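> Next input, structure requested:
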Amino acid sequence: MAFGLYSLIEAALLCVNAVAVLNEERFLSKVGWGGDQSVGGFGEEPGMKAQLINLIRSIRIVMRVPLIFLNSGVIVLKLLFG
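Next up is the predicted model:
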């Protein structure tokens, strides 16, 4: 089995799925990345941690519906072509 573009897209989809299912109360707050973290003051650059927390929230909100269709498409392709 060769490593091609489809394998790379499938791996990226799996990583986005992994980020999308992270539960903020159960997992993220235990490692110190919960919603109660301060983002900073006005005019200050947010740190790396705050940017990652915002990225995780954005993926969970924006990618919810597209992930349903992308996962369904990948499942159909796997069923048809192995």
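
> contacts, neighbours, all on C-alpha from now
OK.

> Quick test: name the residue nearest the centre of this structure.
The centroid of the chain falls nearest to residue 19 when counting by C-alpha atoms, centre = their mean (3.0 Å).

> Secondary structure element for it, which one?
For residue 19, the host element (DSSP states H and E) is helix 5-20.

> what's that helix in contact with?
Helix 5-20 is contacted from outside by 56, 59-60, 63-64, 67, 71, 74, using C-alpha atoms under 8 Å, 6 or more residues apart in numbering.

> quick one: what helix or strand has residue 30 in it?
Assessed by DSSP H and E, residue 30 sits outside every helix and strand.

> my bad, residue 72
Assigning secondary structure by DSSP H and E places residue 72 in helix 64-81.

> ditto for residue 45
Residue 45 belongs to no helix or strand, assigned by DSSP H and E.

> ok, now how distant is residue 4 from residue 48?
Per C-alpha to C-alpha, to the nearest Å, residue 4 is found 32 Å from residue 48.

> hmm, back to that, just the buried members of the contacts of helix 5-20?
Buried members of the contacts of helix 5-20, scored by 16 or more other C-alpha atoms under 10 Å, are 56, 59-60, 67.

> The helix or strand where residue 50 lies vs helix 64-81, what angle?
Using DSSP H and E, residue 50 falls within helix 48-62. For helix 48-62 against helix 64-81, the angle by axes from the mean of the first three to the mean of the last three C-alpha atoms, to 10 degrees is 70 degrees.
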